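Trainee: Predicted coordinates and the sequence they were generated for:
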Amino acid sequence: MTFNQFQEFVAANIDWFRGRLRETDSSLLQVEQALGVELPDSVKWLLKEHGYWHGTGVSNLEGTVRDTLDARRHLALPNRFVVLNNFQDGGLILIDTGEETSSGEFAMYWVGMEDVGNPPRLEGNPRYGSFGDYVKDRLPSEQGLIEPDYVHYDPANFPEGRGDG
């Protein structure tokens, strides 16, 4: 999925993406500096434009940095990989910044913990051509788990939206 196709996909499913706690240029730059790689343009756009919500495909970038640095330190994961999401026994979602699939977009893999190392074993694991492809694949699972009443983001339901946070 190209960046433009991803933007159209998000717009068509906006209630699943418009959420809380947006990232900024500064916060994204700090993440990229900490990891020593650039994040996909689609990740940066989504988190700056809409923040985190049910369809975002990443819990938070603080966890991404921690899990990536831990995997590099303890599992010898090469620096070109980013652990976007850590599902524990369910495996890791890796961004391979060494495999650009279109301008500003990179391949992603869902690998089991037993396949993480230097190099990670990618063969036989699900591959996504972009962050958008990953998110599109995951969205039906989220839609099956979350009650419709909890999909639309209402800032009044959260402390930062009420001014008492």
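Mentor: Yep, it's here.
Trainee: buried set for stretch 114-130?
Mentor: 115-116, 120, 122, 127-130 (16 or more other C-beta atoms under 10 Å). C-beta here means a position set from N, CA and C on the backbone, and glycine is covered the same way.
Trainee: ok, and what's touching it?
Mentor: The contact list for stretch 114-130 (C-beta atoms under 8 Å, 6 or more residues apart in numbering) reads 1-2, 6, 40, 42, 71, 75-78, 81, 91-92, 94, 96, 101-102, 105-112, 134, 137.
Trainee: what sits against Phe9?
Mentor: Neighbours of Phe9 in contact, by C-beta under 8 Å, 6+ apart: 1, 132, 135-136.
Trainee: Columns distance to Thr64, pLDDT and secondary structure on top of those, output as TSV?
Mentor: Output for those, formatted as TSV (distance: C-beta to C-beta, whole Å; pLDDT from 0 to 100; DSSP: H, G, I helix; E, B strand; the rest coil):
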residue	distance to Thr64	pLDDT	secondary structure
Met1	20	87	coil
Gly132	17	93	helix
Val135	15	92	helix
Lys136	20	94	helix
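Trainee: Widest-spaced pair of those residues?
Mentor: Met1 and Val135 (8.6 Å; C-beta to C-beta).
Trainee: more crowded one of these two?
Mentor: Neighbour comparison, Met1 and Val135: the larger count goes to Val135, with 26 against 21 (by other C-beta atoms under 10 Å).
Trainee: follow-up on the earlier one: could you list which of the buried residues of stretch 114-130 belong to strands?
Mentor: Judged by DSSP state E, these include 127-128 as members of strands.
Trainee: now the buried residues of stretch 114-130 as JSON lines including distance to Ser26?
Mentor: Below are those laid out as JSON lines (distance: C-beta to C-beta, whole Å):
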{"residue": "Asp115", "distance to Ser26": "34"}
{"residue": "Val116", "distance to Ser26": "30"}
{"residue": "Pro120", "distance to Ser26": "30"}
{"residue": "Leu122", "distance to Ser26": "33"}
{"residue": "Arg127", "distance to Ser26": "32"}
{"residue": "Tyr128", "distance to Ser26": "28"}
{"residue": "Gly129", "distance to Ser26": "29"}
{"residue": "Ser130", "distance to Ser26": "25"}
